[in-house]
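Trainee: curious how this folds, go ahead:
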Amino acid sequence: MSEKKTVVVGMSGGVDSSVAAYLLKEQGYNVIGVTMQIWQDENPLEAAENGGCCGLSAVDDARRVANHLGIPYYVMNFKKEFKENVMDYFVCEYLQGRTPNPCIACKRYVKWESLLKRSMEIGADYIATGHYARVDRLPGGRFAVKNSVTAAKDQTYALYNLTQDQLAHTLFPVGEYAKDQIREIAAKAGLPVANKPDSQEICFVPDGDYAAFIDEAAPLLGKQVPGPGAFVNSKGEILGTHKGITHYTIGQRRGLEIAAGHRIFVTGIHPESNRVMLGENEDIFTREVICEHVNYMGLAEEDFTGPISVVAKIRYNHKGDLGVIEKLPDGRVKCTFDAPVRAATPGQAMVFYKDGFVYGGGTICI
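Mentor: Got it, this is the predicted structure:
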(Lines give C-alpha, C1' and ligand atoms only; values in the text may rest on other atoms or scores of the structure.)
Protein backbone atom coordinates (compact mmCIF):
# COMPACT_ATOMS: atom_id res chain seq x y z
CA MET A 1 0.00 0.00 0.00
CA SER A 2 1.30 3.44 -0.91
CA GLU A 3 -0.31 4.89 2.21
CA LYS A 4 -0.76 3.03 5.46
CA LYS A 5 -4.49 2.66 6.04
CA THR A 6 -6.15 2.20 9.42
CA VAL A 7 -8.65 -0.60 9.94
CA VAL A 8 -10.77 -1.32 13.01
CA VAL A 9 -11.27 -5.06 13.42
CA GLY A 10 -14.36 -6.23 15.27
CA MET A 11 -12.91 -8.89 17.55
CA SER A 12 -15.31 -11.39 19.10
CA GLY A 13 -12.60 -13.37 20.83
CA GLY A 14 -12.97 -16.20 18.30
CA VAL A 15 -10.42 -17.61 15.91
CA ASP A 16 -11.89 -16.05 12.75
CA SER A 17 -11.79 -12.42 13.85
CA SER A 18 -8.42 -12.98 15.51
CA VAL A 19 -6.93 -14.27 12.27
CA ALA A 20 -8.56 -11.37 10.43
CA ALA A 21 -6.61 -8.96 12.64
CA TYR A 22 -3.42 -10.96 12.14
CA LEU A 23 -3.78 -11.07 8.32
CA LEU A 24 -4.45 -7.34 8.06
CA LYS A 25 -1.44 -6.51 10.18
CA GLU A 26 0.68 -8.78 7.97
CA GLN A 27 -0.67 -6.91 4.92
CA GLY A 28 0.62 -3.63 6.34
CA TYR A 29 -2.51 -2.06 7.76
CA ASN A 30 -2.56 -0.05 10.96
CA VAL A 31 -4.84 -2.39 12.94
CA ILE A 32 -6.99 -1.49 15.94
CA GLY A 33 -8.90 -4.21 17.74
CA VAL A 34 -12.38 -3.52 19.11
CA THR A 35 -14.87 -5.69 20.95
CA MET A 36 -18.46 -4.48 20.96
CA GLN A 37 -20.02 -4.63 24.42
CA ILE A 38 -23.62 -5.59 23.75
CA TRP A 39 -24.56 -7.89 26.65
CA GLN A 40 -27.22 -6.20 28.78
CA ASP A 41 -26.64 -7.81 32.18
CA GLU A 42 -24.38 -5.90 34.54
CA ASN A 43 -23.64 -8.99 36.64
CA PRO A 44 -20.04 -9.90 35.65
CA LEU A 45 -20.41 -13.57 36.54
CA GLU A 46 -23.57 -13.99 34.48
CA ALA A 47 -22.13 -12.02 31.58
CA ALA A 48 -19.00 -14.15 31.60
CA GLU A 49 -21.01 -17.36 31.63
CA ASN A 50 -22.94 -16.36 28.53
CA GLY A 51 -19.77 -16.26 26.49
CA GLY A 52 -20.19 -15.96 22.73
CA CYS A 53 -19.62 -12.52 21.30
CA CYS A 54 -21.34 -10.87 24.26
CA GLY A 55 -19.66 -12.22 27.37
CA LEU A 56 -16.64 -11.11 29.30
CA SER A 57 -14.79 -14.20 28.10
CA ALA A 58 -14.93 -12.73 24.60
CA VAL A 59 -13.27 -9.56 25.89
CA ASP A 60 -10.57 -11.53 27.70
CA ASP A 61 -9.77 -13.65 24.64
CA ALA A 62 -9.79 -10.68 22.25
CA ARG A 63 -7.51 -8.69 24.55
CA ARG A 64 -5.05 -11.59 24.78
CA VAL A 65 -4.95 -11.83 20.98
CA ALA A 66 -4.46 -8.07 20.61
CA ASN A 67 -1.61 -8.16 23.12
CA HIS A 68 -0.04 -11.05 21.22
CA LEU A 69 -0.28 -9.11 17.95
CA GLY A 70 0.91 -5.87 19.50
CA ILE A 71 -2.11 -3.85 18.39
CA PRO A 72 -4.24 -1.33 20.32
CA TYR A 73 -7.42 -2.81 21.78
CA TYR A 74 -10.62 -1.20 23.06
CA VAL A 75 -14.06 -2.21 24.27
CA MET A 76 -16.84 -0.03 22.82
CA ASN A 77 -20.28 0.13 24.43
CA PHE A 78 -23.08 -0.68 21.97
CA LYS A 79 -25.59 -1.98 24.52
CA LYS A 80 -28.27 0.57 23.63
CA GLU A 81 -27.97 -0.02 19.88
CA PHE A 82 -28.03 -3.77 20.33
CA LYS A 83 -31.07 -3.76 22.57
CA GLU A 84 -33.12 -1.50 20.32
CA ASN A 85 -32.16 -2.93 16.93
CA VAL A 86 -31.71 -6.60 17.78
CA MET A 87 -33.29 -7.74 21.04
CA ASP A 88 -36.43 -5.59 20.89
CA TYR A 89 -36.85 -6.39 17.19
CA PHE A 90 -36.52 -10.11 17.97
CA VAL A 91 -39.29 -9.94 20.58
CA CYS A 92 -41.68 -7.86 18.46
CA GLU A 93 -41.28 -10.11 15.43
CA TYR A 94 -42.14 -13.26 17.39
CA LEU A 95 -45.18 -11.56 18.90
CA GLN A 96 -46.41 -10.90 15.35
CA GLY A 97 -46.10 -14.55 14.37
CA ARG A 98 -42.85 -14.19 12.46
CA THR A 99 -39.49 -15.89 12.95
CA PRO A 100 -36.74 -13.26 12.85
CA ASN A 101 -33.02 -13.61 12.18
CA PRO A 102 -31.43 -11.36 14.84
CA CYS A 103 -27.91 -11.90 13.46
CA ILE A 104 -28.85 -10.09 10.25
CA ALA A 105 -30.18 -7.11 12.22
CA CYS A 106 -27.07 -7.11 14.39
CA LYS A 107 -24.74 -7.07 11.41
CA ARG A 108 -26.63 -4.27 9.65
CA TYR A 109 -27.32 -1.90 12.54
CA VAL A 110 -24.68 -2.69 15.16
CA LYS A 111 -21.62 -4.40 13.68
CA TRP A 112 -21.66 -2.12 10.67
CA GLU A 113 -23.75 1.01 11.07
CA SER A 114 -22.76 1.80 14.66
CA LEU A 115 -19.21 0.41 14.58
CA LEU A 116 -18.43 2.01 11.22
CA LYS A 117 -19.66 5.41 12.41
CA ARG A 118 -17.46 5.33 15.53
CA SER A 119 -14.50 3.96 13.58
CA MET A 120 -14.71 6.78 11.06
CA GLU A 121 -14.89 9.26 13.93
CA ILE A 122 -11.53 8.06 15.23
CA GLY A 123 -9.95 8.30 11.80
CA ALA A 124 -10.19 4.73 10.51
CA ASP A 125 -10.43 4.00 6.79
CA TYR A 126 -12.08 0.58 7.09
CA ILE A 127 -13.71 -1.86 9.44
CA ALA A 128 -13.10 -5.59 9.18
CA THR A 129 -14.58 -8.76 10.63
CA GLY A 130 -13.90 -12.48 10.56
CA HIS A 131 -16.85 -13.34 8.31
CA TYR A 132 -16.41 -15.92 5.57
CA ALA A 133 -17.26 -13.60 2.70
CA ARG A 134 -15.56 -11.29 0.22
CA VAL A 135 -16.43 -7.83 -1.03
CA ASP A 136 -15.78 -6.71 -4.58
CA ARG A 137 -16.71 -3.93 -6.96
CA LEU A 138 -18.74 -4.91 -10.00
CA PRO A 139 -18.12 -3.47 -13.51
CA GLY A 140 -21.01 -1.01 -13.05
CA GLY A 141 -19.33 0.43 -9.96
CA ARG A 142 -21.52 -1.09 -7.27
CA PHE A 143 -20.03 -2.95 -4.32
CA ALA A 144 -21.32 -6.43 -3.57
CA VAL A 145 -20.66 -9.24 -1.14
CA LYS A 146 -19.17 -12.25 -2.91
CA ASN A 147 -19.24 -15.89 -1.85
CA SER A 148 -16.25 -16.99 0.21
CA VAL A 149 -13.92 -19.64 -1.17
CA THR A 150 -15.56 -22.25 1.05
CA ALA A 151 -19.25 -23.08 0.71
CA ALA A 152 -19.17 -24.91 4.03
CA LYS A 153 -18.64 -21.71 6.04
CA ASP A 154 -20.01 -19.09 3.64
CA GLN A 155 -21.70 -16.27 5.59
CA THR A 156 -22.84 -14.00 2.76
CA TYR A 157 -26.53 -14.71 3.45
CA ALA A 158 -26.41 -12.80 6.74
CA LEU A 159 -24.68 -9.81 5.10
CA TYR A 160 -27.23 -9.05 2.36
CA ASN A 161 -28.54 -5.95 4.15
CA LEU A 162 -25.28 -3.94 4.11
CA THR A 163 -25.32 -0.62 2.27
CA GLN A 164 -23.02 0.60 -0.51
CA ASP A 165 -21.26 2.99 1.86
CA GLN A 166 -20.71 0.26 4.43
CA LEU A 167 -19.30 -2.11 1.80
CA ALA A 168 -16.96 0.58 0.49
CA HIS A 169 -15.34 0.67 3.94
CA THR A 170 -15.35 -3.08 4.69
CA LEU A 171 -12.64 -5.74 4.52
CA PHE A 172 -13.18 -9.51 4.79
CA PRO A 173 -9.68 -11.06 4.92
CA VAL A 174 -10.94 -14.45 6.11
CA GLY A 175 -13.12 -14.95 3.03
CA GLU A 176 -10.14 -16.12 1.01
CA TYR A 177 -9.61 -19.18 3.21
CA ALA A 178 -11.30 -22.37 4.38
CA LYS A 179 -11.88 -22.93 8.11
CA ASP A 180 -9.09 -25.48 8.50
CA GLN A 181 -6.68 -23.02 6.86
CA ILE A 182 -7.74 -20.31 9.32
CA ARG A 183 -7.04 -22.57 12.32
CA GLU A 184 -3.70 -23.50 10.77
CA ILE A 185 -2.80 -19.81 10.35
CA ALA A 186 -3.84 -19.14 13.95
CA ALA A 187 -1.70 -21.99 15.25
CA LYS A 188 1.37 -20.94 13.26
CA ALA A 189 0.93 -17.34 14.45
CA GLY A 190 0.70 -18.55 18.04
CA LEU A 191 -2.74 -17.02 18.60
CA PRO A 192 -4.13 -18.14 21.99
CA VAL A 193 -7.58 -18.91 20.49
CA ALA A 194 -6.38 -21.20 17.69
CA ASN A 195 -8.43 -24.15 18.99
CA LYS A 196 -11.37 -22.25 20.46
CA PRO A 197 -14.73 -23.80 19.39
CA ASP A 198 -17.12 -21.78 17.26
CA SER A 199 -20.11 -20.14 18.94
CA GLN A 200 -23.43 -21.45 17.61
CA GLU A 201 -26.32 -20.11 19.67
CA ILE A 202 -28.04 -16.72 19.56
CA CYS A 203 -25.89 -14.81 22.00
CA PHE A 204 -28.65 -13.24 24.08
CA VAL A 205 -30.62 -16.52 24.34
CA PRO A 206 -27.75 -18.88 25.23
CA ASP A 207 -30.03 -21.64 26.49
CA GLY A 208 -32.08 -21.60 23.27
CA ASP A 209 -35.39 -21.01 25.09
CA TYR A 210 -36.72 -18.20 22.89
CA ALA A 211 -40.21 -18.30 24.35
CA ALA A 212 -38.98 -17.84 27.92
CA PHE A 213 -36.82 -14.91 26.84
CA ILE A 214 -39.81 -13.29 25.12
CA ASP A 215 -42.04 -13.87 28.16
CA GLU A 216 -39.56 -11.92 30.26
CA ALA A 217 -38.68 -9.20 27.76
CA ALA A 218 -42.07 -8.36 26.23
CA PRO A 219 -43.67 -6.71 29.32
CA LEU A 220 -40.67 -4.37 29.55
CA LEU A 221 -41.60 -3.14 26.06
CA GLY A 222 -45.24 -2.73 27.03
CA LYS A 223 -46.15 -5.81 24.98
CA GLN A 224 -48.47 -8.63 25.98
CA VAL A 225 -47.43 -12.19 25.22
CA PRO A 226 -50.30 -14.22 23.70
CA GLY A 227 -51.32 -17.17 25.80
CA PRO A 228 -52.53 -20.62 24.74
CA GLY A 229 -54.77 -20.90 21.69
CA ALA A 230 -56.11 -23.38 19.18
CA PHE A 231 -54.26 -25.71 16.85
CA VAL A 232 -56.36 -25.74 13.67
CA ASN A 233 -56.16 -27.71 10.41
CA SER A 234 -56.96 -26.50 6.90
CA LYS A 235 -60.62 -27.50 7.36
CA GLY A 236 -60.97 -25.26 10.39
CA GLU A 237 -61.13 -28.18 12.79
CA ILE A 238 -59.60 -27.65 16.22
CA LEU A 239 -56.96 -30.30 16.91
CA GLY A 240 -55.79 -29.20 20.33
CA THR A 241 -54.33 -26.34 22.34
CA HIS A 242 -50.97 -24.71 21.68
CA LYS A 243 -48.72 -23.14 24.34
CA GLY A 244 -48.56 -19.70 22.68
CA ILE A 245 -47.53 -18.58 19.19
CA THR A 246 -44.01 -17.64 20.30
CA HIS A 247 -43.24 -21.36 20.72
CA TYR A 248 -43.64 -22.17 17.01
CA THR A 249 -42.25 -21.58 13.53
CA ILE A 250 -43.25 -22.67 10.03
CA GLY A 251 -42.24 -26.25 9.28
CA GLN A 252 -41.89 -27.23 12.95
CA ARG A 253 -42.77 -30.84 13.77
CA ARG A 254 -41.34 -31.49 17.23
CA GLY A 255 -42.96 -30.30 20.44
CA LEU A 256 -46.50 -30.03 19.09
CA GLU A 257 -47.86 -32.64 21.52
CA ILE A 258 -50.66 -33.61 19.15
CA ALA A 259 -51.55 -37.28 18.71
CA ALA A 260 -52.41 -37.22 15.00
CA GLY A 261 -51.21 -40.73 14.20
CA HIS A 262 -48.77 -39.38 11.62
CA ARG A 263 -46.32 -36.53 11.22
CA ILE A 264 -47.88 -33.08 11.13
CA PHE A 265 -46.25 -29.70 10.76
CA VAL A 266 -46.85 -26.05 11.54
CA THR A 267 -48.11 -24.49 8.31
CA GLY A 268 -49.14 -21.04 9.53
CA ILE A 269 -49.18 -18.72 12.55
CA HIS A 270 -52.01 -16.20 12.96
CA PRO A 271 -51.47 -13.78 15.87
CA GLU A 272 -54.74 -11.93 15.18
CA SER A 273 -56.74 -15.06 16.03
CA ASN A 274 -54.05 -16.67 18.22
CA ARG A 275 -54.21 -19.79 16.07
CA VAL A 276 -51.45 -22.08 14.88
CA MET A 277 -52.25 -23.95 11.67
CA LEU A 278 -51.20 -27.58 11.25
CA GLY A 279 -50.98 -29.68 8.11
CA GLU A 280 -49.03 -32.16 6.05
CA ASN A 281 -45.44 -31.91 4.89
CA GLU A 282 -46.55 -31.10 1.34
CA ASP A 283 -48.48 -28.10 2.67
CA ILE A 284 -45.27 -26.25 3.51
CA PHE A 285 -43.81 -26.41 0.00
CA THR A 286 -44.23 -23.49 -2.39
CA ARG A 287 -42.75 -22.23 -5.64
CA GLU A 288 -43.46 -18.54 -4.97
CA VAL A 289 -41.88 -16.54 -2.16
CA ILE A 290 -42.31 -12.78 -1.69
CA CYS A 291 -40.04 -10.51 0.31
CA GLU A 292 -40.34 -6.90 1.46
CA HIS A 293 -37.94 -4.22 2.79
CA VAL A 294 -35.60 -5.13 -0.05
CA ASN A 295 -31.95 -4.06 0.03
CA TYR A 296 -30.36 -3.83 -3.40
CA MET A 297 -26.66 -4.64 -3.43
CA GLY A 298 -24.99 -5.93 -6.60
CA LEU A 299 -28.13 -5.00 -8.51
CA ALA A 300 -29.20 -1.34 -8.53
CA GLU A 301 -32.93 -0.93 -8.04
CA GLU A 302 -33.23 1.27 -11.13
CA ASP A 303 -31.65 -1.51 -13.22
CA PHE A 304 -34.18 -4.08 -11.99
CA THR A 305 -36.63 -3.64 -14.86
CA GLY A 306 -37.51 -7.20 -15.76
CA PRO A 307 -37.34 -10.81 -14.55
CA ILE A 308 -33.84 -12.02 -13.60
CA SER A 309 -32.67 -15.59 -13.17
CA VAL A 310 -30.93 -16.04 -9.80
CA VAL A 311 -30.01 -18.51 -7.12
CA ALA A 312 -32.08 -17.67 -4.03
CA LYS A 313 -31.71 -18.78 -0.42
CA ILE A 314 -34.64 -18.65 2.01
CA ARG A 315 -32.69 -19.45 5.21
CA TYR A 316 -29.11 -19.47 6.39
CA ASN A 317 -28.52 -23.20 5.88
CA HIS A 318 -30.46 -23.39 2.58
CA LYS A 319 -28.04 -24.33 -0.21
CA GLY A 320 -29.95 -22.10 -2.62
CA ASP A 321 -32.21 -22.96 -5.53
CA LEU A 322 -32.70 -21.61 -9.03
CA GLY A 323 -35.51 -19.16 -9.58
CA VAL A 324 -36.62 -15.97 -11.30
CA ILE A 325 -37.11 -12.71 -9.41
CA GLU A 326 -39.38 -9.87 -10.45
CA LYS A 327 -40.36 -6.60 -8.83
CA LEU A 328 -44.00 -6.22 -7.84
CA PRO A 329 -45.87 -2.90 -8.23
CA ASP A 330 -45.75 -2.29 -4.46
CA GLY A 331 -41.94 -2.58 -4.37
CA ARG A 332 -41.78 -6.09 -2.99
CA VAL A 333 -39.85 -8.80 -4.85
CA LYS A 334 -41.27 -12.19 -5.83
CA CYS A 335 -39.11 -15.20 -6.55
CA THR A 336 -40.63 -18.04 -8.56
CA PHE A 337 -38.48 -21.09 -7.95
CA ASP A 338 -37.89 -23.76 -10.57
CA ALA A 339 -38.90 -26.37 -8.00
CA PRO A 340 -40.88 -26.01 -4.76
CA VAL A 341 -38.93 -24.92 -1.67
CA ARG A 342 -39.75 -26.05 1.86
CA ALA A 343 -40.91 -23.89 4.76
CA ALA A 344 -40.43 -20.35 3.51
CA THR A 345 -40.87 -18.53 6.82
CA PRO A 346 -42.14 -14.97 7.33
CA GLY A 347 -39.50 -12.95 9.15
CA GLN A 348 -36.57 -14.83 7.68
CA ALA A 349 -34.57 -13.40 4.78
CA MET A 350 -34.65 -14.34 1.11
CA VAL A 351 -31.30 -13.52 -0.49
CA PHE A 352 -30.70 -13.71 -4.23
CA TYR A 353 -27.36 -14.33 -5.91
CA LYS A 354 -26.03 -13.90 -9.44
CA ASP A 355 -22.64 -15.27 -10.51
CA GLY A 356 -21.59 -15.71 -6.89
CA PHE A 357 -22.46 -12.14 -5.85
CA VAL A 358 -25.29 -11.01 -3.58
CA TYR A 359 -27.69 -9.07 -5.79
CA GLY A 360 -29.95 -8.22 -2.88
CA GLY A 361 -32.48 -9.61 -0.48
CA GLY A 362 -35.42 -8.85 1.76
CA THR A 363 -37.60 -10.10 4.58
CA ILE A 364 -39.95 -12.94 3.64
CA CYS A 365 -43.57 -11.90 4.06
CA ILE A 366 -45.38 -14.62 2.09
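Trainee: on the three-state scheme, Val351 is what?
Mentor: What DSSP: H, G, I helix; E, B strand; the rest coil gives for Val351 is strand.
Trainee: ok, it - contacts?
Mentor: Shown in contact with Val351 (CB atoms under 8 Å, 6 or more residues apart in numbering): 156-157, 160, 312-313, 358, 360-361. C-betas here are computed from N, CA, C, even on glycine.
Trainee: again, only this time at 7 Å
Mentor: Counting by CB atoms under 7 Å, 6 or more residues apart in numbering, Val351 makes contact with 157, 160, 312-313, 358, 361.
Trainee: please name the bridge partners of it.
Mentor: Counting by DSSP bridges, Val351 is bridged to Lys313, Gly361.
Trainee: how close does the closest residue to Ala168 other than its chain neighbours get to Val232?
Mentor: Of all residues not flanking Ala168 in the chain, Phe143 sits nearest, at 5.7 Å (CB to CB, 6 or more residues apart in numbering). To Val232, Phe143 is 47 Å away according to CB to CB, to the nearest Å.
Trainee: okay, and the beta partners of Asp321?
Mentor: Beta-bridge pairing for Asp321 (DSSP bridges): Ala312.
Trainee: contacting residues for it?
Mentor: Residues near Asp321 by CB under 7 Å, 6+ apart: 311-312, 337-339, 341.
Trainee: cool, and Phe337?
Mentor: Neighbouring residues of Phe337 by CB under 7 Å, 6+ apart: 287, 321, 323.
Trainee: now do it, the pLDDT please.
Mentor: The confidence metric pLDDT takes the value 98 at Phe337.
Trainee: do Cys203 as well
Mentor: pLDDT, Cys203: 81.
Trainee: count of residues packed around it?
Mentor: By the measure other CB atoms under 10 Å, the count of residues near Cys203 is 21.
Trainee: all further residue positions should be reported with the first residue as 396.
Mentor: Okay, residue one is now 396; in that scheme the one you just asked about reads as Cys598.
Trainee: phi, psi of it?
Mentor: phi -60, psi -30 (degrees, to the nearest 10).
Trainee: dump the contacts of Phe732 into TSV; add pLDDT as well.
Mentor: Below are the contacts of Phe732 laid out as TSV (pLDDT from 0 to 100):
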residue	pLDDT
Arg682	98
Asp716	98
Gly718	98
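Trainee: closest to Leu464 among those residues?
Mentor: Leu464 has its nearest neighbour among the contacts of Phe732 in Asp716, at 41.6 Å by CB to CB.
Trainee: which non-adjacent residue is nearest Trp507?
Mentor: Using CB to CB, 6+ apart, the nearest residue to Trp507 is Gln561, at 4.7 Å.
Trainee: Met406 too?
Mentor: Per CB to CB, 6+ apart, closest to Met406 is Ala457, 3.9 Å.
Trainee: helix or strand: which one has that neighbour?
Mentor: Assigned by DSSP states H and E, Ala457 belongs to helix 451-464.
Trainee: Tyr417 too?
Mentor: helix 410-421.
Trainee: swap in Cys686?
Mentor: With DSSP H and E as criterion, Cys686 is part of strand 680-691.
Trainee: what's around the residue nearest to Thr558 when sequence neighbours are not counted, how many residues?
Mentor: Spatial nearest neighbour of Thr558, excluding adjacent residues (CB to CB, 6+ apart): Asn690 at 7.5 Å. Look at Asn690: counted by other CB under 10 Å, it has 18 neighbours.
Trainee: what about Asn690, distance to Val481?
Mentor: 17 Å.
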